[in-house]
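J.: based on what follows, work out the 3D shape:
(one chain, ligands or ions: 1)
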Amino acid sequence: MKEVHTPVLLKEVLHYFEGTIKTFFEGTVGAGGHASHILHQHPEIDLYMACDQDPYALEIAQKTLKPYENKIRWFQGNFANLDRFAKEANVGKIDGFLFDLGVSSMQLDQQERGFSFKKEAKLDMRMDVSQDMSAHSIVNDWSLEQLVDLFKNGEEPFYRRAAKSIVDARRTGSIETTTQLAKILEKAIPKIGKIHPATLVFQALRMAVNRELEVIEIALKKAMDVLSPSGKIGVISFHSLEDRIVKNIFKNASEPQKNIRGQVVKEALFERLTKKAVLPSKEEMRINPRSRSARVRFLRKIGLFKNG
Ligand SMILES: C[S@@+](CC[C@H](N)C(=O)[O-])C[C@H]1O[C@@H](n2cnc3c(N)ncnc32)[C@H](O)[C@@H]1O
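T.: Numbering: from 1, shown residues only. Next comes the predicted model:
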């Protein structure tokens with residue numbers, strides 16, 4: 001199988017999806033890396049819904065997944081709209097969901113998309129190029145307090161200094177490019193270890209441009225609603241903020257509802273297949289350094305057949 005992109009935690013993902021799958025929804029098909037392996041391992045799949053908000057990613061995935069084209073239905077848009085996509089495909093229940101969150105190495109490598117502070121480009125960072133909000137509008141139009149909140153939530157320790165340096169720089173003209181912004185941040189944020197001072201600010205901007213945290217909860221709740229009995233949801237995240245959201249949603253879903261006296265009033269409908277997030281093996285981290293911050297969690301709908 002020709003790989004355009006190395007899918008992370010592939011072995012683990014395939015392991016947790018063992019069992020029969022007829023309908024599958026992948027929210028983040030990217031270059032089609034996970035998809036090609038899932039489709040190969042599950043010849044019984046008769047509908048694979050492949051979604052990505054990035055039209056360029058879908059073009060690549062369409063080539064990678066050519067051998068399976070008659071099973072695939074393509075959706076360009078946000079995975080938070082998965083209920084609408086399922087309706088369009090006329091599907092009531094879905095047996096498996098995969099979300100491999102964040103940005104792809106392909107997007108980082110496309111210089112003109114403006115995701116990387118190392119490559120000169122117009123400030124952009126939109127995964128969905130048809131949307132209005134971009135890194136340019138946040139950096140140039142948001143108030144000091146909005147930027148402070150954004151960088152603080154993004155866990156940048158020098159969040160106020162970072163925000164102030166941007167607002168100060170704007171006085172002499174707008175901030176147009178990635179490297180211009182990186183230079184402003186280099187002066188404001190001390191370098192700690194090997195990490196470039198602009199790293200966390202760029203990450204926070206990317207997450208805000210693409211509403212990355214907001215949509216996780218929306219999508220997981222919708223996925224849980226349409227999941228078949230014994231169906232599974234897998235989520236790969238690269239950031240503790242993302243993982244925390246997934247962890248809490250999966251934990252709450254797998255606990256029975258109790259009344260104020262502590263008596264169970266409703267049994268849990270889901271169980272966690274991974275109580276703790278599963279990390280890549282040492283071998284994977286060695287071969288693919290990008291996998292180092294990845295982790296995966298799986299939730300299963302309790303169904304009629306425990307080992308289905
Ligand atoms: C890490 S890559 C996925 C790589 C893919 N699993 C593979 O093996 O090729 C993440 C992809 O998800 C897309 N993406 C991120 N958030 C999204 C969202 N909310 N809705 C739809 N696509 C999203 C990005 O555009 C990117 O192509």
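J.: keeping just the C-alphas, turn the helix or strand of the chain with the lowest mean pLDDT into CSV.
T.: Lowest by mean pLDDT, DSSP states H and E among the helices and strands of the chain is helix 105-109, with a mean of 86. What follows is helix 105-109 as a C-alpha-only set of coordinates in CSV (Å, rounded to 0.1, in the frame of the first residue of the first chain):
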residue,chain,number,x,y,z
SER,A,105,1.9,17.1,8.1
MET,A,106,0.7,17.8,4.6
GLN,A,107,-0.9,21.0,5.6
LEU,A,108,2.2,22.1,7.6
ASP,A,109,4.3,21.4,4.5
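J.: output the helix or strand that it is followed by as PDB, restricted to C-alpha atoms.
T.: Next helix or strand after helix 105-109 toward the C-terminus (DSSP states H and E): helix 135-141. The C-alpha trace of helix 135-141 is given here as PDB (Å, rounded to 0.1, in the frame of the first residue of the first chain):
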ATOM      1  CA  ALA A 135      -5.000  34.000  11.400                       C
ATOM      2  CA  HIS A 136      -4.700  37.400   9.700                       C
ATOM      3  CA  SER A 137      -8.000  38.700  11.100                       C
ATOM      4  CA  ILE A 138      -7.300  37.400  14.600                       C
ATOM      5  CA  VAL A 139      -3.800  38.900  14.800                       C
ATOM      6  CA  ASN A 140      -4.900  42.300  13.300                       C
ATOM      7  CA  ASP A 141      -8.400  42.800  14.600                       C
END
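J.: distance of residue 243 from residue 259?
T.: Residue 243 sits 31 Å away from residue 259, taking Cβ to Cβ, to the nearest Å as the criterion. Any C-beta I mention is one placed from the backbone N, CA and C, and that applies to glycine too.
J.: okay, the two: which has more neighbours?
T.: Each of residue 243 and residue 259 has its neighbours counted (other Cβ atoms under 10 Å); residue 243 has more, 21 against 9.
J.: for that one, which non-adjacent residue is closest in space?
T.: residue 237 (4.4 Å; Cβ to Cβ, 6 or more residues apart in numbering).
J.: that neighbour bridge partners, please.
T.: Note on residue 237: beta-bridge partners residue 295, judged by DSSP bridges.
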